[in-house]
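Participant: No sequence on hand, only this structure:
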């Protein structure tokens with residue numbers, strides 16, 4: 001078998017979670033394991049991106065891009 005020479009470090013991992021409702025808001029609970037792997041913490045601002053192939057990318061918004069609270 002040929003050696004893998006890919007420099008792609010992305011991993012595809014699937015989790016199944018149930019959306020929670022809080023009044024008019026929906027909450028997507030992320031597993032602690034995933035949060036730890038990504039270095040995300042409660043209170044981080046995340047961006048939800050729907051890609052052209054209907055997959056979803058979630059990324060942490062860098063601190064310098066976070067809008068100030070009103």
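Facilitator: Yep, it's here. Because the structure is predicted, anything quoted here is derived from the model rather than measured.
Participant: Just to be sure, residue 64 is in a helix?
Facilitator: Yes. Assessed with DSSP: H, G, I helix; E, B strand; the rest coil, residue 64 lies in a helix.
Participant: how far does the lowest-mean-pLDDT helix or strand in the chain sit from the chain's center?
Facilitator: Taking mean pLDDT, DSSP states H and E as the measure, the chain has strand 25-27 as its least confident helix or strand, at a mean of 85. Mean C-alpha position of strand 25-27 versus that of the full chain (CA atoms, centre = their mean, to the nearest Å) differs by 15 Å.
Participant: What's the first helix or strand after that strand?
Facilitator: helix 32-38 (DSSP states H and E).
Participant: Which residues outside the next helix or strand after that next one are in contact with it?
Facilitator: For helix 32-38, the succeeding helix or strand toward the C-terminus, using DSSP H and E, is strand 46-50. Strand 46-50 is contacted by residues 40, 56-61 when judged by CB atoms under 8 Å, 6 or more residues apart in numbering. To be clear about C-beta, it is placed using only N, CA and C from the backbone, and glycine gets the same treatment.
Participant: So which of these sit within strands?
Facilitator: Of the contacts of strand 46-50, the ones assigned to strands by DSSP state E are 56-60.
Participant: what about residue 40, how many neighbours?
Facilitator: 15 (other CB atoms under 10 Å).
Participant: Pull up the gap between it and residue 64, please.
Facilitator: 17 Å (CB to CB, to the nearest Å).
Participant: what do you get for residue 20?
Facilitator: When residue 20 is compared with residue 64 (using CB to CB), they lie 30 Å apart.
Participant: Which one's more surrounded, these two?
Facilitator: residue 20 (10 against 5).
Participant: and that one, bridged to which residues?
Facilitator: residue 27 (DSSP bridges).
Participant: Show the contacting residues for it.
Facilitator: 26-29.
Participant: for stretch 33-43, which positions count as buried?
Facilitator: Within stretch 33-43, no residue is scored as buried using 16 or more other CB atoms under 10 Å.
Participant: Straight-line length of that stretch, end to end?
Facilitator: 17 Å (CA to CA, to the nearest Å).
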